[in-house]
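Asks: only geometry, no sequence info:
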Ligand code: NCD
């Protein structure tokens, strides 16, 4: 075997201690973001391939920056320019990329299970950058890092009340966050119309989530006493072929949208999160998205730091000695 792959396919593969280690490493890299020289040498000579079959701004850019800040070579492949558009299968594409000896492949695909499939096929590390409506583990880790920094100065998320609001049914961000935040001890309210909450979702993490996740079908109930409000976009691209789940977007926005008024249901110091892209005036009012309680752009900054930690874990392991700053 050429490398020691530590895939990251699902948050379910990590225990709380491992999550905390990744967050601690992320803290180190976040501190680096404020330095004039942001680059370390730990992945010098290594190669990371970003293989994206779905649209992405934040995730793709931050994986590329993360690789470069650790001195790895980063190559980006977008679906429209890859041979899958000429009929090549995902596994054939992966085998061909593997033949070029990358150390890690970061993959985003509309098929839930794509990352797991690749992880079985190739020898290098595979990192899931979002697979269908299944999981988006690095988003959950960067969200946990953002919450830890702003809401949990002591470091523990134990007892924090986190509301996840919106299109839970189609959201890989929601699934990964439910698993991650509950493992870290937070309590979660899933808030949406019943039609957007999959039956049994509170059981996806077994006893841990059964005890910590509850469903709220009114925004007021979901937000009451919340420390964190995480809004989700309606994932219109995943509705194809489904019966309508709500009468129209305007109605959903009126009943489950976050405005300055509805934010008032949460704790006075609650923070507002969103994985992006935001749809202004739909799930979140511009005044809230741009307001003092929003940490949406901080999430983006954490994205780079956490993905540095995840790439380092995947390729070297987290016990690797602290790297030198690059000259
Ligand atoms: C999310 C995704 O792609 O799942 N975005 C992201 O990675 N920042 C959420 C979304 O697209 O709504």
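Replies: Noted; the coordinates are in hand. In this text the structure is predicted, and so the values were computed from the model without any measurement.
Asks: what's the local residue count around residue 327?
Replies: 6 (other C-beta atoms under 10 Å). C-beta: built from backbone N, CA, C; applies to glycine.
Asks: so for it, what's the pLDDT?
Replies: Here the pLDDT value assigned to residue 327 is 70.
Asks: with residue 236 instead?
Replies: 88.
Asks: ok, now residue 243?
Replies: Reported pLDDT for residue 243: 78.
Asks: three-state assignment of it?
Replies: Assigned by DSSP: H, G, I helix; E, B strand; the rest coil, the conformation of residue 243 is coil.
Asks: tell me the spacing between it and residue 193.
Replies: From residue 243 across to residue 193, the span is 14 Å (C-beta to C-beta, to the nearest Å).
Asks: so where's this structure uncertain?
Replies: For the chain, residues meeting the criterion pLDDT under 70 lie at 1-5.
Asks: just the helices in it please.
Replies: Listed in chain order, the helices of the chain (DSSP state H) span 16-33, 58-69, 90-98, 114-121, 137-151, 172-183, 207-212, 219-223, 249-256, 260-263, 286-289, 296-315.
Asks: okay, these in a markdown table with mean neighbour count and distance to residue 48 next?
Replies: A markdown table is the format used below for those (neighbours: other C-beta atoms under 10 Å; distance: least, C-beta to C-beta, whole Å):
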| stretch | mean neighbour count | distance to residue 48 |
| --- | --- | --- |
| helix 16-33 | 17 | 15 |
| helix 58-69 | 22 | 4 |
| helix 90-98 | 17 | 11 |
| helix 114-121 | 20 | 14 |
| helix 137-151 | 25 | 13 |
| helix 172-183 | 26 | 21 |
| helix 207-212 | 15 | 32 |
| helix 219-223 | 18 | 38 |
| helix 249-256 | 16 | 37 |
| helix 260-263 | 16 | 39 |
| helix 286-289 | 17 | 31 |
| helix 296-315 | 24 | 6 |
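Asks: for those helices, which one sits closest to residue 6?
Replies: Closest to residue 6 of the helices of the chain, according to C-beta to C-beta: helix 296-315, at 5.0 Å.
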